[in-house]
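*Asks:* quick one: sequence and predicted model below, then my questions.
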Amino acid sequence: MIVKLLLLFACSRCVLTGPPNIGGIFYADDIDSKIALEVSAEKFNFTALTIEVSRRGAILEISENVCQLAEEGVIGFIDGTGGRATEHAQAICDGLELPLIVLQHNDLYSRNWSLINLYPSPLAFNMAVQELVKKYNWNNFTVLYERGHSMVKVQDLLKLSNPIELDAVSVRELRGDNYREVLINAKHSGYTNFVVDCSSNKLELVLRQAQQVGLMADGHSYIFLSPDLFSLDLTRYRYGGVNMTGFRLMDLGDVMLYNYTAQFNEASGYAIEPDNVKTKIVLIHDAVMVFANALSKVRYLRRREIEPAQLNCEYYQSWVYGSTLIDFMKTDKINGLTRSLIFDGFGQRTDVFFDIVELTPAGNQTIGKWENNKLEISRQFVSNAEIAEETIMRNKTFKVLISTTPPYGYVKESPLQLEGNDRYEGFTIDLIDKIADKLGFSYEFEVEPDYGSFNQDTKKWSGMVLKLREEKADFAICDFTITAERQSGIDFSTPFMSLGIGILYKEPSKQPPEMFSFMAVFSKEVWYYMVLVQSALGVIMIFVGRISHKEWQNPVPCIEQPEELTNQFSFANSVWLIIGSVMQQGSEIAPIALAPRIITSAWWFFTMVIVASYVGTLVAFLTVEKNVLPFSNVVELYEHKSISYGAKSKGSTKQFFKDSTNPVYQKMYQKMYSKEWLVPDNDVGVDLVEKTNYALFMESTSIEYTIERHCDLLQVGGLLDSKSYGIGMKKGSPYRFFINDALIQLKETGEIQKLKDLWWKEKRGGGKCGKKQDQEQKQLGMKNMLGAFVVLGVGCCIGLLISTLDMLWGVFKRSVKYNTTFKYELIEELKFALKFSGDIKPVKRPQRALGSAEALAEQEGKDEVKSLKSIRSGRSTDTHRTHHSHSSRHSSSGLSVAFARRREYT
Ligand code: GLU
């Protein structure tokens, strides 16, 4: 036992090699905090040793793990759990004389000397809220606090309800995860002002549920105590009219914050902006910073390296430098990411400084600050346009890389000797000028023709990318395509223009019209429908003709009571009538009844429209010569052996072909490369396209620009990909956020489009080609002719309806006349009509009233005689052709007699 004690004693004085260890206590699922500790430890030259505790068994696990780390040797602990378990860690650290930094406020923490609380005192927030309530002139408000979360902040607020200050302050507790009921009650009570005191991880839930119950609209005001409010994406609440005020601990103007965010992003794989980083992540950085600063002070004081000792909890060992370190931590004033880090004798943070931030339709706006226990409101509201004032770019001068690629950048043509930025003009020159105006910075141009790429062999970057990486320039603005490769080396702003790769080629030669070009006037479907409509119309005409009784005419007008009637609407006659009108020749067939007349009129109208459209368009088809392109897409270009093609040799277009997995593109790249078809810049390429049989792969925006000025060139086919241009800057640039903001505003106000129109269509020879005449013949499709078809259809329907009514009336009359049933007559009529054959119809005779066989026989005999007489007189229907009928042939006498006898239709 004594030996063991001696050994441990000896060990407690051991000097460990390597960066000193710093302990972290976090919940197992709090991965971000662990990463933050690792990133910060690396920055300040520590080794992070992390204790992971589960949320349930934290108390038991913590004592065990703290002792274990103490045995490994640490200079102190950072506790990110913030729960009851912290008390245990605190007791152990007290015994070991190891500093413990906590990151959350908790009234349960005893104020013993080993503990330092980096979370600002709630007192400061309380005072700030009181001041804000007064500034906003709230007469009443509701405090929404989370169960289990500190109430201390709220207690002071309640004092505000003392007689003179406020009419009423009410308090409501937010329990569990469903706050809707509480919020609905608050709403029904008519409250519109709220002070919300909840933990950072519940913020989003509270906001969402408040919005769901309608408490996030015009007239509602909130003050949030959690400094993490503005790390959330509040876009969805921005335009609803709600007023939200909160606090921000970190200094957004501090470049250190941007660097830390970039390191944190790199380690975590996130892509968060500095203003979206959670307060806890920033506090971890500041905690490590406090350790690092105090340690360097102790080193300086002791004039030697200070290393942690291996301590054993069981033997009540303590670290000799612990108390000195804690003293330095409490007394030394340093500035961290959350500004001044000053503590009182109890390790509580004093002199808290934070921003007062308001959510406005223009985004998050800093409206004031809390400093030296005083609230200073500098501005009530900042409009969109003034957003720039918030930036850290004001009054700085940046080096901006440009390229002299038209229309993005030109060297100015001037008789004077121009100097500096004045030497250049163009789209991107104007764009950066507008951004600089908004953000208040100045710039200096440097021309760099190579946009930059990564050389896989030398593992080196080139061009603009290299210069940005080496911080030889701050921004690159040109037709700078955002590619995955470049993005691995630098950051890009939000895109300001979208494009894709297209093919630039010269206008093809004209070809004379084809032999059957007259057929091309109508699209195929129109021809098909016309044939179909004609056939259908033929059938309709026959049917309608057969059921319209007026169409059944006496073939021999001099016989008053003819045996049979004839109908002109035979198949041949109907087709003749239809064709005659299509051909504009007419026919001798003339409908007599109303229904066939309506249908015929509809058909004539239809033919009039069709013929007029055909004739009107035919000329174009017979005279206009067609442009025949030798290829219409990239594959056809590849297969076309006699056309050479290429792209800019140092650009993303070439890179697209080089990196493509598409075998055609791969082969094309090999050909371009081996045959030296690549061009140094687009101007050379355009020249080749104009003068030789060459196709240039170019970005669509540049193609647009080129064909505005080179009227003999055009874009062939669609785009091969889709991408955008952005402003390049070094990785983790602190300015990206502001540049993005300015770009979005310029896009929203249409400024970028205006600039594009100016440099593409107006300046430097724009608009030369005017609007290209659309020589293409416009084929008439169903879309154009549909109206005529509809009119015809409606005409046919009306005709069918009328003829049906006509038939029904006739059937009714006959059923009365012959004393038969309506149904019987109707079936007979339809049977006859639907046979579609025979254009002769025997005439029915009324049945004698007496009904005797003799009378009938007598009548039938007379009928027969009449019929025979008519035959004899040479007017038999057998041979007779009325001027309407062309094809009827019927054996009249025998049949007519038989029909009359049976009173039936054949
Ligand atoms: N915009 C391209 C780039 O960023 C240059 C032009 C091209 O490759 O077509 O590299």
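*Replies:* Now that the structure is in, tell me what you want to look at. Numbering: from 1, shown residues only.
*Asks:* just the closest residue of the stretch 551-700 of the chain to the ligand, please.
*Replies:* The nearest approach of the stretch 551-700 of the chain to the ligand comes at Gly651, 2.2 Å away (CB to the nearest ligand atom). C-betas here are computed from N, CA, C, even on glycine.
*Asks:* wait, the stretch 451-600 of the chain
*Replies:* Closest point on the stretch 451-600 of the chain to the ligand, by CB to the nearest ligand atom, is Thr481, at 3.5 Å.
*Asks:* burial count for that residue?
*Replies:* For Thr481, the tally of surrounding residues (other CB atoms under 10 Å) stands at 23.
*Asks:* likewise for Arg55?
*Replies:* Around Arg55 there are 12 residues (other CB under 10 Å).
*Asks:* what's the separation between it and the ligand?
*Replies:* 50 Å (CB to the nearest ligand atom, to the nearest Å).
*Asks:* residue contacts, that residue?
*Replies:* Contacts for Arg55 (CB atoms under 8 Å, 6 or more residues apart in numbering) come out as Tyr27, Ala28, Asp29.
*Asks:* who's in contact with the spatially closest residue to the second one that is not a sequence neighbour?
*Replies:* Closest residue in space to Ala28, ignoring its immediate chain neighbours: Glu52 at 4.2 Å, by CB to CB, 6 or more residues apart in numbering. Going by CB under 8 Å, 6+ apart, Glu52 touches Phe26, Tyr27, Ala28, Lys34.
*Asks:* how about His549?
*Replies:* So His549 contacts Ala593, Asp806, Met807, Gly810 (CB under 8 Å, 6+ apart).
*Asks:* switch to 7 Å and redo it
*Replies:* His549 is in contact with Asp806, Gly810, counting by CB atoms under 7 Å, 6 or more residues apart in numbering.
*Asks:* for it, report the pLDDT, please.
*Replies:* Looking at His549, its pLDDT is 77.
*Asks:* just to revisit the earlier point, bridge partners for the residue of the stretch 451-600 of the chain closest to the ligand, pull those for me.
*Replies:* Taking DSSP bridges as the rule, Thr481 bridges to Tyr725.
*Asks:* any idea how far it lies from Thr701?
*Replies:* 10 Å (CB to CB, to the nearest Å).
*Asks:* by contact count, what packs against the host helix or strand of Tyr669?
*Replies:* Per DSSP states H and E, Tyr669 falls inside helix 663-674. Helices and strands touching helix 663-674, by 3 or more CB pairs under 7 Å, 6 or more residues apart in numbering; DSSP states H and E, are helix 634-639, strand 644-646, helix 652-659.
*Asks:* make JSON lines out of the ones you listed and add mean neighbour count and mean pLDDT.
*Replies:* As requested, the helices and strands packed on helix 663-674 are exported to JSON lines (neighbours: other CB atoms under 10 Å; pLDDT from 0 to 100):
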{"stretch": "helix 634-639", "mean neighbour count": "16", "mean pLDDT": "92"}
{"stretch": "strand 644-646", "mean neighbour count": "24", "mean pLDDT": "94"}
{"stretch": "helix 652-659", "mean neighbour count": "21", "mean pLDDT": "93"}
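*Asks:* in TSV: these, plus distance to Val609.
*Replies:* Converted to TSV, these look like this (distance: least, CB to CB, whole Å):
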stretch	distance to Val609
helix 634-639	39
strand 644-646	47
helix 652-659	50
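*Asks:* nearest to Ala473, out of the ones you listed?
*Replies:* helix 652-659 (19.1 Å; CB to CB).
*Asks:* and that closest one with helix 663-674, angle?
*Replies:* Orientation of helix 652-659 against helix 663-674 (axes from the mean of the first three to the mean of the last three CA atoms, to 10 degrees) gives an angle of 120 degrees.
*Asks:* how many neighbours does the residue in the stretch 51-200 of the chain that the ligand sits nearest to have?
*Replies:* Here the stretch 51-200 of the chain gets closest to the ligand at one residue, Ser200, 41.4 Å apart by CB to the nearest ligand atom. Look at Ser200: counted by other CB under 10 Å, it has 16 neighbours.
*Asks:* my read is that Ile542 contacts Phe836, right?
*Replies:* Yes. The criterion here is CB atoms under 7 Å, and Ile542 meets it with Phe836 at 5.7 Å.
*Asks:* roughly how far apart are Pro20 and the ligand?
*Replies:* Applying CB to the nearest ligand atom to Pro20 and the ligand gives a distance of 47 Å.
*Asks:* residues contacting that residue?
*Replies:* Taking CB under 7 Å, 6+ apart, one finds Phe46, Ile75, Glu307, Pro308 in contact with Pro20.
*Asks:* using CSV, list the CA coordinates for the biggest strand by length in the chain.
*Replies:* For the chain, the longest strand by residue count, based on DSSP state E, is strand 363-371. In CSV, the C-alpha atoms belonging to strand 363-371 read as follows (Å, rounded to 0.1, in the frame of the first residue of the first chain):
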residue,chain,number,x,y,z
GLY,A,363,-33.2,39.5,-42.3
ASN,A,364,-31.6,39.7,-38.9
GLN,A,365,-30.7,43.2,-38.0
THR,A,366,-28.5,44.3,-35.1
ILE,A,367,-30.5,47.2,-33.6
GLY,A,368,-28.4,47.8,-30.5
LYS,A,369,-26.1,46.4,-27.8
TRP,A,370,-25.9,45.6,-24.2
GLU,A,371,-22.7,46.9,-22.8
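*Asks:* what lines up beside it in the sheet?
*Replies:* As assigned by DSSP bridges, strand 363-371 forms pairs with strand 354-360 (antiparallel), strand 374-377 (antiparallel).
*Asks:* export those to TSV and tack on distance to the ligand?
*Replies:* Shown next, in TSV, are those (distance: least, CB to the nearest ligand atom, whole Å):
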stretch	distance to the ligand
strand 354-360	36
strand 374-377	46
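*Asks:* rewinding a little: residue contacts, the residue of the stretch 51-200 of the chain closest to the ligand?
*Replies:* Ser226, Asp228, Lys278, Thr279.
*Asks:* give me that answer again for 10 Å
*Replies:* Gln104, Ser226, Pro227, Asp228, Leu229, Ser231, Leu232, Lys278, Thr279, Lys280 (CB atoms under 10 Å, 6 or more residues apart in numbering).
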